[in-house]
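Participant: output the structure for:
(chains A and B)
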Amino acid sequence: MKLSQSFVKTLRDAPKDETAKSAKFLVRAGFVHKELAGVYTFLPLGLITLKKIENIIREEMNALGSPEIQMTALQNPAPWQATKRWESERMDIWFKTELSAGGELGLGPTHEEPGTAMMKDYIKSYKDLPASFYQFQTKFRNELRAKSGIMRTREFLMKDLYSFNVDQAAHDEFYHKVERAYKNVYDRVGLGDCTFETFASGGAFSKYSHEFQTILDVGEDTIYYNHDKSVVLNEEVLNDEILADLGVKRDELESCQAAEVGNIFSLGYKFSEPLDLSFSDKDGKKQLVYMGSYGIGVSRVMGVIAEKFADDKGLVWPETVAPFKYYLVAIGEKAGKLAAEWESKYSDLFLYDDRANRPGEKFADSELMGLPFRIVISDKTLDNDSLEQTNRKTGETKLLTIKDFLGILTHV
RNA sequence: CUGGGUGUGGCGCAGUUGGUAGCGCGCAGCGUUCGGGACGCUGAGGCCGUCGGUUCAAGUCCGAUCACCCAGACCA
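Facilitator: Residues are numbered from 1 along each chain as shown, chains lettered A, B, ... in the order given. You can find the predicted model right below:
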């Protein structure tokens, strides 16, 4: 892609209303554009990054054998009324609106209710189970206070998965598969080393749930862990009961800040009962469906990655989620022609800085945008049939021959 | 929602005791530059968040309101 077509106008100074390091860089580097507090447009570079994360999650969800669908943002109040979650006193994050013809609608903050209600049409018999589906969808939450750039917003992209099983044993088996899939996701986006499955409150649904928490200074949650981090729990469940359940003592736990990047819940009959999602078992007896729900905030994960790896010069994207692998800088006329050629041939790999700016600015911007490698070709290097490759993370620079480099490209 | 703070060209900021707005960056043109955010000259761009008040006169004083930020609370 050509930088001139990427809506990138890098800023020397971050707008003063951004505080989080990640938000400052994401705005300065032209990944996102702020519309309102907690409401962001994803510009070309930001959207490509978001889609890369989305695709990693999609692959892992597909590997579970779960199909992808897309539900609606607009919500029918009826199923929410059935579960007593329509009233704003019970769910204070609703964005509600109304139909011109009369009647109220909501903008979905999550999708347990419509998902459960919908499945009444597809689950009739034990033969229809197990079932599950997932989606990527824009969620709306009327947060009292948005903050930290794209890590806590009022409109955000979420992957949510819902599972339907005949009983708890069948559910538990699927739940463990999702746990493993989530670990794969965090490994693949580069957060594996610093993300831990954490005991958390089950809220209204169950005794405990599991969250995936990424250790992060500016994270909103406090987590506690034992020496080898084999036991990690959220502060909200730090009590004698769970300490006994987990077999750890309070004084052997340390704490740190962390950001929640995913959660998995055993819902049990919490939704199937009020919405009457049931099936006929082998004896023709009616049974309630045992449910689970599993979420990953895709845009928040992007924010956490940005926050986690940024250094004082800018963003540092892991290769798996970077919008492009190479930031291409050409110095000189001959080099410019070659760069344009590479960009048109491998447009998914190169972000070609085709601006008329001086090299120094391009170098600084390449560091701000944080692509894994910067490639510099100049008429000088071309005379030696070579180019310069700089690793964004380590700063290490090496010379490669054009031939070797093109060889690497064709193997990507 | 409670408490605190901020709104002045695209971004960051200054603006004295009220007298009709300025700087840096960015942007446009010309020229010199061209491997680490160059330099010179010229130029464009602002109802000072909004509404109302006080005053001969308001960016500046008063009131209201909106937006944004921080801390807390909240957070399937």
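
Participant: check contacts around the nearest residue to residue A:325 once chain neighbours are set aside.
Facilitator: Excluding the flanking residues, the one nearest residue A:325 by Cβ to Cβ, 6 or more residues apart in numbering is residue A:349, at 5.2 Å. The way it works is simple: take the backbone N, C-alpha and C, and place the C-beta from them, glycine included. Counting by Cβ atoms under 8 Å, 6 or more residues apart in numbering, residue A:349 touches A:324, A:325, A:326, A:409, A:412.

Participant: looking at those residues, which are in helices?
Facilitator: residue A:409 (DSSP state H).

Participant: pull the most distant pair out of the contacts of residue A:349.
Facilitator: A:324 and A:409 (12.6 Å; Cβ to Cβ).

Participant: compare those two (neighbour count), which wins?
Facilitator: Neighbours per residue, other Cβ atoms under 10 Å: of residue A:324 and residue A:409, the larger number sits with residue A:324, 23 against 15.

Participant: just give me the least confident of the contacts of residue A:349.
Facilitator: Taking these together, the minimum pLDDT is found at residue A:412 (63).

Participant: wait, doesn't residue A:33 sit right on residue A:43?
Facilitator: Yes. Using Cβ atoms under 8 Å, residue A:33 is in contact with residue A:43, at 5.8 Å.

Participant: and the residue nearest the centre of chain A, how close does it get to RNA strand B?
Facilitator: When Cα atoms, centre = their mean is applied to chain A, the residue found nearest the centroid is residue A:298 (2.2 Å). Residue A:298 sits 16 Å away from RNA strand B, going by Cβ to the nearest atom of the strand, to the nearest Å.

Participant: what of residue A:164?
Facilitator: Between residue A:164 and RNA strand B the computed distance is 15 Å (Cβ to the nearest atom of the strand).

Participant: assumed that residue was part of a helix.
Facilitator: No. If the criterion is DSSP: H, G, I helix; E, B strand; the rest coil, then residue A:164 is strand and not within a helix.

Participant: show me where the stretch 251-400 of chain A has its helices.
Facilitator: A:298-309, A:333-345, A:359-369, A:379-383 (DSSP state H, counting those that start in this stretch).

Participant: between residue A:33 and residue A:43, who's got more neighbours?
Facilitator: residue A:43 (18 against 13).

Participant: name the nearest residue to that one, ignoring sequence neighbours.
Facilitator: Residue A:43 sits nearest to residue A:7 (Cβ to Cβ, 6+ apart), 4.6 Å away.

Participant: show me what contacts the one you found?
Facilitator: Residue A:7 makes contact with A:30, A:33, A:43, A:44, according to Cβ under 8 Å, 6+ apart.

Participant: send over stretch A:329-347 as CSV, restricted to the C-alpha atoms.
Facilitator: Only the C-alpha atoms of stretch A:329-347 are listed here, as CSV (Å, rounded to 0.1, in the frame of the first residue of the first chain):
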residue,chain,number,x,y,z
VAL,A,329,11.9,3.9,2.1
ALA,A,330,13.5,4.7,-1.2
ILE,A,331,16.1,7.4,-1.6
GLY,A,332,16.9,8.6,-5.1
GLU,A,333,15.1,8.3,-8.4
LYS,A,334,16.3,4.8,-9.4
ALA,A,335,15.4,3.4,-5.9
GLY,A,336,12.0,5.1,-6.2
LYS,A,337,11.1,3.3,-9.3
LEU,A,338,12.1,0.0,-7.9
ALA,A,339,10.1,0.7,-4.7
ALA,A,340,7.0,1.5,-6.7
GLU,A,341,7.4,-1.7,-8.6
TRP,A,342,7.7,-3.8,-5.4
GLU,A,343,4.7,-2.0,-3.9
SER,A,344,2.5,-2.8,-6.8
LYS,A,345,3.6,-6.4,-6.9
TYR,A,346,3.5,-7.1,-3.2
SER,A,347,1.0,-4.6,-1.9
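
Participant: ok, that stretch near RNA strand B or not?
Facilitator: Yes. Stretch A:329-347 lies within reach of RNA strand B by Cβ under 7 Å from any atom of the strand, at residue A:331.

Participant: correct me if wrong: the residue nearest to the centre of chain A contacts residue A:136.
Facilitator: Yes. In terms of Cβ under 8 Å, residue A:298 counts as a neighbour of residue A:136; the distance is 6.6 Å.

Participant: what do the two both touch?
Facilitator: Common neighbours of residue A:298 and residue A:136 (Cβ under 8 Å, 6+ apart) are A:54, A:57, A:157, A:158, A:159.
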